[in-house]
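*Asks:* How does the following fold in three dimensions:
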Amino acid sequence: MLKLSDEDKLNLLLLVCLTLAIRIAFTGAWPLIKDENLYARMTDELLMKPTLIPAFLGFEVAWRPAAYFYAYAPFVAFLSALNIQAELIYRLPSVFFFALCTAIFYQFTLEYCKKRNTALAAALVFTLNPLSVYVSNTALTDTLLLLFILSALFCYQRALSSRRFFLPAATFLALAFFTKTVVAFIIVPLALCMFFLKKKPAEPLLWASFLAIPLSIAAYYLMFESKEAFYNEFFKNATSKLPSGTGFAETLAERFWSSFLPFAALCLVWLGFFAIGLAKNFKKHAFFLLWLAFIIFSISGGGGMPWYYLPIIPAISFFAALAICPKDEFDNLTIVLFITLLLFTLGGLVYFYSLGMPEISERQAGLFAAGKQNVLVFGRYPPAVFFYKAHTEKMGGTSSFCWINSLNASDVNDTASVLGAFHNYSTFRENDSFSEMTDLFWRKQIYKMPCSISRFDWLITAGIDENVTLATGEFELANRTSGDVFVFRYIGK
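*Replies:* The predicted structure follows:
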């Protein structure tokens, strides 16, 4: 077990400062996107009413275990009191957690290869990679998950020389499970590989520590009153990410391109070094090669979402570092190379964040609707509308709006659907709808949130043609956003 030298401590300080500086520069560039709004709202609701199963809009949902929300809640409570930009409140905890990830990865790599400059290069690639910059600058679960994965592996590495690290390793294994369930399983084969390569695969405490997984599953199962909800989270959520059934090869190929292209675009600066390092060194580093092999699950489950690749970035960074520092020398050429790549990375990020996101229109609508009562949200899934409305109001519950969600907004893009939903909420598509929030992403029907509002005064449409609503003659446009989300005031027949 290596002891950190003064140079190592200086390297750690450099890495942490660089990690924070690059990310904070972009933290507030975009509105919260996609599931960020979901998790931000669920964190707020946890602060209002702590529960073992998180809630969204007042309804318990089996979408993610509670570890993420309990980890972020203290940061959110503190940052909210500072009255700063909403995006900073929910994203800064991820930035902080990734700084910890970078520090742990440096120490793990240093212990693994016993080469200080190689470890530094790997950590620099790890933290400068545009994909890791982007993902760790979101309010998603993946940064915290990676922190627990790296912490568990670091403890297993230390357990090779001191058995007292098995308990914290098992703890981090459980925490990883309670952050993103089955993704935590990656830790077990990697820990086994680590001990196998050191010829210690029969260590009884190693196998005992793996009991954290079945014990966590059992504990999670007992938290649910509805066992069907547990089934949906634990099985449907995982299996839906895998290609199956007829057309398996075609489905896998389609997912490969839709998932791999965003990954390649974000990692383009470093992929050449990674390819060279992998080609020259894969036989010498079975542990990182195994870690890299899990990229197949990122490709299969990614669906164009780059955060699925974050658990694999450490392996990619290590092989890239072997090409950048083949002789463990951090000479002037290497320094110039890193500065050049840093400038390319920053330039790419500036362009990337300048593109904007569709959630800008949702944020505009949510902010405009803040404080307004008797609101109907209708059309496609618009999570930013809910978050920005509720966050601005700083109110709990769902008393100020109701929601009808269609998986395909084109199915309700007509005047009859708009009027039917607005005037006859309870009977709208009665035979083709459901009201269990936890099933929102599983059932292929229209979702109608349980609603006690008898008369609506406002209508927010998402994904529905503006002219369709105006053609009813019962609404006037109150707020036109930059996208496909519109706010209408009801003016009567």
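
*Asks:* Surely E45 and F56 touch.
*Replies:* Yes: here E45 reaches F56: they are 7.0 Å apart, a contact under Cβ atoms under 8 Å. All C-beta atoms are positioned from the backbone trio N, CA, C, and that covers glycine.

*Asks:* Distance check, the spatially closest residue to F344 that is not a sequence neighbour against G463.
*Replies:* Nearest residue to F344, sequence neighbours excluded (Cβ to Cβ, 6 or more residues apart in numbering): V269, at 5.2 Å. Counting by Cβ to Cβ, to the nearest Å, the gap from V269 to G463 is 35 Å.

*Asks:* same question, I295
*Replies:* 33 Å.

*Asks:* Count the neighbours of A55 for me.
*Replies:* A55 has 19 neighbours, counted by other Cβ atoms under 10 Å.

*Asks:* Not counting sequence-adjacent ones, nearest residue to it?
*Replies:* Leaving aside its sequence neighbours, A55 sits nearest to E45 (Cβ to Cβ, 6+ apart; 4.9 Å).

*Asks:* ok now do E45, which residues does it touch?
*Replies:* Going by Cβ atoms under 8 Å, 6 or more residues apart in numbering, E45 touches P54, A55, F56, L57, G58, G396.

*Asks:* which element is it on?
*Replies:* Per DSSP states H and E: E45 is located in helix 35-48.

*Asks:* roughly how far is that helix from the heart of the chain?
*Replies:* Relative to its chain's centre, helix 35-48 lies at 13 Å (Cα atoms, centre = their mean, to the nearest Å).

*Asks:* tell me which residues in it are buried?
*Replies:* 35-47 (16 or more other Cβ atoms under 10 Å).

*Asks:* Show me the shaky parts of the stretch 101-250 of the chain.
*Replies:* For the stretch 101-250 of the chain, applying pLDDT under 70 flags the ranges 235-250.

*Asks:* can you rerun that using 80?
*Replies:* 226-250 (pLDDT under 80).

*Asks:* picking that back up, hmm, L343 and the residue nearest to F344 touching each other?
*Replies:* No: with contact defined as Cβ under 8 Å, V269 and L343 do not form a contacting pair (10.1 Å).

*Asks:* residues bridging contact with the two, i.e. touching both?
*Replies:* Joint contacts of V269 and L343 (Cβ under 8 Å, 6+ apart) do not exist.

*Asks:* More neighbours: the two, which one.
*Replies:* The neighbour comparison of V269 against L343 (other Cβ under 10 Å) goes to V269, with 19 against 10.

*Asks:* Which helix or strand lies directly C-terminal to the helix or strand the more buried one falls within?
*Replies:* Element membership for V269, per DSSP H and E: helix 248-281. For helix 248-281, the following helix or strand on the C-terminal side (DSSP H and E) is helix 286-293.

*Asks:* tally of neighbours for P130?
*Replies:* Using other Cβ under 10 Å, the number of residues around P130 comes to 21.

*Asks:* Surely it is in contact with A264?
*Replies:* No: contact between P130 and A264 fails when scored by Cβ under 8 Å: they sit 11.1 Å apart.

*Asks:* so what's the nearest residue to W270 once chain neighbours are set aside up against?
*Replies:* Of all residues beyond its chain neighbours, the one nearest W270 is A320 (5.1 Å), with distances taken as Cβ to Cβ, 6+ apart. Contact analysis of A320 by Cβ under 8 Å, 6+ apart lists A121, A122, V125, W270, F273, F274, G277.

*Asks:* Of those - the most surrounded one?
*Replies:* Taking other Cβ under 10 Å as the neighbour criterion, A122 ranks highest of these with 31 neighbours.

*Asks:* did I read that right, that one in a helix?
*Replies:* Yes: assessed by DSSP: H, G, I helix; E, B strand; the rest coil, A122 belongs to a helix.

*Asks:* Can you tell me the closest non-neighbouring residue to it?
*Replies:* Take A122 and drop its neighbours on the chain: the residue closest to it by Cβ to Cβ, 6+ apart is A321, 3.7 Å away.

*Asks:* Please apply the same query to M223.
*Replies:* Among residues not flanking M223 along the chain, L52 sits closest, at 4.6 Å (Cβ to Cβ, 6+ apart).

*Asks:* count of residues packed around the one you found?
*Replies:* 13.

*Asks:* In three-state terms, label the residue nearest to W270 for me.
*Replies:* Of the three states, A320 takes helix according to three-state DSSP.

*Asks:* before we move on, what about F330?
*Replies:* Under three-state DSSP, F330 comes out as coil.

*Asks:* That one reaches N117, doesn't it?
*Replies:* Yes: between F330 and N117 a contact is recorded at 4.2 Å, counting by Cβ under 8 Å.

*Asks:* So for these two, which sits in the more crowded spot?
*Replies:* Per other Cβ under 10 Å, whichever of F330 and N117 has more neighbours is N117, with 19 against 16.

*Asks:* part of a helix, is the more buried one?
*Replies:* Yes: with three-state DSSP as the criterion, N117 is part of a helix.

*Asks:* how far away is it from L144?
*Replies:* N117 sits at a distance of 30 Å from L144 (criterion: Cβ to Cβ).

*Asks:* How about A119?
*Replies:* Computed as Cβ to Cβ, the A119 to L144 distance reads 23 Å.

*Asks:* I'd assumed F378 was in a strand, is it?
*Replies:* Yes: looking at F378 with three-state DSSP, it is inside a strand.

*Asks:* what sits against it?
*Replies:* By Cβ under 8 Å, 6+ apart, the residues touching F378 are W403, I404, V412, V418, A421, F422, L459, I460, T461, A462, I464.

*Asks:* and L459, what element?
*Replies:* Using DSSP H and E, L459 falls within strand 458-462.

*Asks:* Tell me the first helix or strand C-terminal of that strand.
*Replies:* Next helix or strand after strand 458-462 toward the C-terminus (DSSP H and E): helix 466-470.

*Asks:* buried ones in the very next helix or strand once past that following helix?
*Replies:* Toward the C-terminus, helix 466-470 is succeeded by strand 475-480 as the next helix or strand (DSSP H and E). By 16+ other Cβ under 10 Å, the buried positions in strand 475-480 come out as F475, A478, N479.

*Asks:* Who are the packing partners of strand 475-480?
*Replies:* For strand 475-480, the packing partners by 3 or more Cβ pairs under 8 Å, 6 or more residues apart in numbering; DSSP states H and E come out as helix 359-369, helix 466-470, strand 485-490.

*Asks:* related to what we said a few turns ago, just the CA trace of the helix holding E45, in CSV.
*Replies:* Written as CSV, here are the backbone C-alpha positions of helix 35-48 (Å, rounded to 0.1, in the frame of the first residue of the first chain):
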residue,chain,number,x,y,z
ASP,A,35,-34.5,13.3,-15.9
GLU,A,36,-32.6,16.1,-14.1
ASN,A,37,-36.0,17.8,-13.6
LEU,A,38,-37.4,14.5,-12.3
TYR,A,39,-34.7,14.0,-9.8
ALA,A,40,-34.5,17.7,-8.7
ARG,A,41,-38.3,17.6,-8.0
MET,A,42,-38.0,14.3,-6.2
THR,A,43,-35.1,15.7,-4.1
ASP,A,44,-37.3,18.7,-3.1
GLU,A,45,-40.1,16.4,-2.1
LEU,A,46,-37.8,14.2,0.0
LEU,A,47,-36.8,17.4,1.9
MET,A,48,-40.4,18.1,2.5
